[in-house]
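> coords please:
(one chain, ligands or ions: 1)
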Amino acid sequence: MARIAFIGLGNMGLPMAVNLIKAGHQVEGVDVNPAAIDKLKAEGGVNVEFAHVAAARADVVVTMLPAGKQVREVYLGNNGVVTAAQPGTLLIDCSTIDVDTARAVAAEAEKKGLLMLDAPVSGGVGGATAGTLTFMVGGSAQAFTRAESILQKMGKTIVHAGGAGTGQAAKICNNMILGISMIAVSEAFIMAEKLGLDHQKLFDISSKSSGQCWAMTTYCPVPGPVPTSPANRDYQPGFTAAMMLKDLRLAQDAAKAAGANAELGAQAERLYSAYADSGEGGRDFSGIIRFIRG
Ligand code: NAD
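Take a look at the predicted model:
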């Protein structure tokens, strides 16, 4: 059993923390939002008011925060985790953030004798609740080996992607594929409508042909073919368009910094930006089909 400080108990963090509690770990939760704390308490969790207090006595610190700004603040700010944690503490940041921030925080942590991993996830709130997330992990082999048994309580597929920042790199590459492929699948369904081809028929064919992809077979953007997809519940998230836009922006920033050509990623970012600006940022990202349909 480890003593774990869990910082950021939102849509994803809360169910992840609950799975660690169920696995018998001693979890001390921290969040700036009192409503998040109340939810943790209702699940049998313990609240600690300040991140530095929880970090100072933790074996492991897990963070699940909105973006790079909050990650920098929590780890490197006044009373930050990096200053407070004892040497040898394992730090696991599961937030989706930019590669540069992940590497900068890891470098500071290493200077203090801490082990740091960037470990963003795929699988959404459903995967967080079921404990079936995919973790893409960047950092040293030593840190990865220590983290595996903890991550296995929250996820099913855990991949060591390489050194610091490569977990974040994997996440934005993956989500760029997803953002682009959801648009491609949406355009195909709209074209099918105009050509008199039934949604179900296109699904039956493409899900077994070379057009097959996750956006088609698991998260189909039209109601009917995949009963669990958000299209069947008026595009309630799921994974919001605003979150997809955040990840596509991270991907574009990374592509520019690295000199990688990502034209379709840029076009996907523009479309999701327009979709979110139309007031649908809180809707599931697969709802982009309605925006494309016009
Ligand atoms: P969320 O906004 O629901 O949760 C973030 C939590 O962090 C909130 O409870 C907030 O109060 C807390 N917080 C913010 N600043 C803090 C601070 N300084 N100290 C302590 N707590 C603080 O977001 P989420 O949906 O749980 O997503 C978290 C991360 O996971 C994001 O980086 C997101 O991109 C990524 N992600 C989300 C999903 C999804 O489907 N929601 C899927 C994969 C990855």
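> For this protein, list the residues in contact with the ligand, please.
Within reach of the ligand by CB under 6 Å from any ligand atom, the chain has these residues: 7-13, 30-33, 36, 51, 64-66, 70, 73-74, 95-96, 121, 124-125, 239, 243. All C-beta spots, glycine's among them, are computed from the backbone N, C-alpha and C.
> hmm, which of those residues are the buried ones?
For the residues of the chain next to the ligand, a neighbour count by 16 or more other CB atoms under 10 Å gives the buried set as 7-13, 30-31, 36, 51, 64-65, 70, 74, 95-96, 121, 124-125, 239, 243.
> State which one residue of the protein is found closest to the ligand.
Gly10 (1.8 Å; CB to the nearest ligand atom).
> quick one: pLDDT of that residue?
Listed pLDDT for Gly10 reads 95.
> Could you double-check that it lies in contact with Ala35?
No. Using CB atoms under 8 Å as the test, Gly10 is too far from Ala35 to be in contact (9.9 Å).
> Show me the strands in the chain, by range?
Per DSSP state E, the chain carries strands over the ranges 3-7, 26-30, 46-47, 60-63, 90-93, 115-118, 121-122, 133-138, 155-162.
> and the ones you listed as TSV, adding mean pLDDT?
Shown next, in TSV, are these (pLDDT from 0 to 100):
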stretch	mean pLDDT
strand 3-7	97
strand 26-30	96
strand 46-47	93
strand 60-63	98
strand 90-93	98
strand 115-118	98
strand 121-122	95
strand 133-138	98
strand 155-162	98
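> now the farthest one out in the chain, which residue is it?
Relative to the centre of the chain, the most outlying C-alpha is that of Gly196, 37.5 Å out, by CA atoms, centre = their mean.
> centroid residue for this structure?
Central residue of the chain (CA atoms, centre = their mean): Val121, at 4.4 Å.
> partner residues bridging that one?
Val121 has the following beta-bridge partners by DSSP bridges: Phe135.
> show me what contacts it?
Counting by CB atoms under 8 Å, 6 or more residues apart in numbering, Val121 makes contact with Met12, Cys94, Thr96, Gly127, Ala128, Leu133, Thr134, Phe135, Met136, Gly155, Lys171.
> Alright, calling it a day.
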